[in-house]
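give me the fold of what follows.
(one chain, ligands or ions: 2)
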Amino acid sequence: MEKQLKVLDHPLISHKLTIIRDKRTTSKEFAETVDEIAGLMAYEITRDVRTRKINVETPLMVSQQSTLDQDIIIVPILRAGLGMVEGIRGIAPNAKIGHIGMYRDEETLEPKEYFCKLPEGLEDAYILVVDPMLATGGSASATLTLLKARGAKKIKLVCLVGAPEGVKAVQEGHPDVDIYLAALDEKLNEDGYIVPGLGDAGDRLFGTK
Ligand code: PRP
Ligand code: URA
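Ligands and ions are numbered 1, 2, ... in the order given. As a prediction, the model looks like this:
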C-alpha cells in the first residue's frame with residue numbers, strides 16, 4: 001500500500017520549530033524544545049496503536065476499559081535522533097528504545113552504519129524511527145532497510161524537518177512507511193543541508209561545534 005507524507009501543522013509545533021531554527025537558540029533550549037516537539041508529534045501519530053479491553057475495578061464497580069496491546073519501540077538514529085527520545089518516552093508508557101548509529105560521510109553524503117542494538121519483539125511492535133533531519137533520505141532509508149531485515153513490520157518515520165529530496169527517496173525505497181514531519185522545507189543546498197532548515201541538528205543538540 002502506498003503510504004503517505006503527513007506534515008503535522010499545529011500552532012504549538014510551528015512555534016517551537018521557529019525556536020530551534022533560530023541560530024541564537026542555546027544548545028540547552030534547543031535540546032529541550034526538540035524533545036517537546038517530538039512529544040507533541042508522537043501524541044498525534046500514535047492514534048492507531050493497538051489497544052484491547054481489560055477489566056478494571058474502579059472504586060464503584062468493575063468496568064471494561066482500554067489498555068495498550070502493542071509494544072512501542074522508539075528507534076533514534078544516532079546521534080541527533082537521541083534528542084527526540086525522552087519527549088516521546090514521556091508520553092508512551094513502557095516504550096522500549098533501539099539504537100541505530102548512522103553518520104553521513106561528509107564527502108559522499110552516503111550513510112555509514114556504526115552501531116545497532118535493538119529490543120526483541122520487532123515483528124509485532126509499533127516502531128517509531130526518529131531523527132530530526134530528513135535530508136537526502138540516505139540515513140533514514142538505510143535504517144528502515146535494517147529494521148525490516150530484522151523483522152520489523154509496522155514502522156513510522158518521524159522527523160522534524162524534511163527536504164523534498166529525502167521524502168522522495170524514502171517514499172521510493174519504502175512505500176510502506178508513513179513519514180511524519182513538523183515541516184517540509186524548500187530544498188537541499190549544495191552541501192546537502194536542508195534550507196532554510198536549522199543547521200546541523202547533532203552539533204546543535206550536543207554543542208559539538
Ligand atoms: C544527520 C541527521 C540525519 C542525517 C540526515 O546526522 O541527524 O541522521 O544527517 O541526512 P540524510 O538524510 O542525508 O542521510 P549526521 O550524519 O550529521 O550525524 P549526527 O546525528 O551524529 O550528527
Ligand atoms: N543533517 C543535519 O543535521 N542538518 C541538515 O540540514 C542535513 C543533514
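
name the surrounding residues that touch the longest helix seen in the chain.
When every helix of the chain is counted residue by residue (DSSP state H), the longest turns out to be helix 27-45. Outside of helix 27-45, the residues that reach it under the criterion Cβ atoms under 8 Å, 6 or more residues apart in numbering are 8, 10, 12-13, 16-17, 19-20, 25, 83-88, 90-92, 128, 130, 132, 156, 158, 160, 180, 182, 201, 204-207. (C-beta placed from N, C-alpha, C; glycine too.)

lowest-scoring secondary structure element of this structure by mean pLDDT?
Every helix and strand in the chain was compared by mean pLDDT, DSSP states H and E; the lowest is strand 99-104, with a mean of 93.

Provide the strand pairings for the helix or strand following the longest helix of the chain, with the direction of each partner.
The C-terminal neighbour of helix 27-45 among helices and strands, as given by DSSP states H and E, is strand 51-57. Each strand that pairs with strand 51-57, with its direction, by DSSP bridges: strand 62-68 (antiparallel).

just the buried residues of the contacts of helix 27-45.
8, 13, 16-17, 19-20, 25, 83-88, 92, 128, 130, 132, 156, 158, 160, 180, 182, 201, 204-206 (16 or more other Cβ atoms under 10 Å).

from these, which are also near ligand 2?
Among those, the residues lying close to ligand 2 (Cβ under 6 Å from any ligand atom) are residue 201.

can you tell me which of the buried ones among the contacts of helix 27-45 are in helices?
Secondary structure defined by DSSP H assigns 13, 16-17, 19-20, 85-88, 201, 204-206 of the buried ones among the contacts of helix 27-45 to helices.

and of these, the nearest to ligand 1?
Each of those was scored against ligand 1 by Cβ to the nearest ligand atom, and residue 201 proved nearest at 5.0 Å.

quick one, what contacts that closest one?
The contact partners of residue 201, taken as Cβ under 8 Å, 6+ apart, are 34, 80, 83, 132, 133, 160.

kindly reformat these as JSON lines containing distance to residue 101 and pLDDT.
What follows is those, written out as JSON lines (distance: Cβ to Cβ, whole Å; pLDDT from 0 to 100):
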{"residue": "34", "distance to residue 101": "18", "pLDDT": "98"}
{"residue": "80", "distance to residue 101": "11", "pLDDT": "98"}
{"residue": "83", "distance to residue 101": "14", "pLDDT": "98"}
{"residue": "132", "distance to residue 101": "15", "pLDDT": "98"}
{"residue": "133", "distance to residue 101": "15", "pLDDT": "98"}
{"residue": "160", "distance to residue 101": "19", "pLDDT": "98"}
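
so of these, which ones are in strands?
Those of the contacts of residue 201 mapping onto strands are 133, 160, per DSSP state E.

of the contacts of residue 201, which are in range of ligand 1?
The residues of these that also fall near ligand 1, by Cβ under 6 Å from any ligand atom, are 80, 132, 133.

rewinding a little: the least confident helix or strand of the chain and ligand 2, are they touching?
No - judged by Cβ under 6 Å from any ligand atom, strand 99-104 stays clear of ligand 2, getting no closer than 6.5 Å.

okay, which residue is most central for this structure?
Nearest residue to the geometric centre of the chain (Cα atoms, centre = their mean): residue 130, 2.1 Å.
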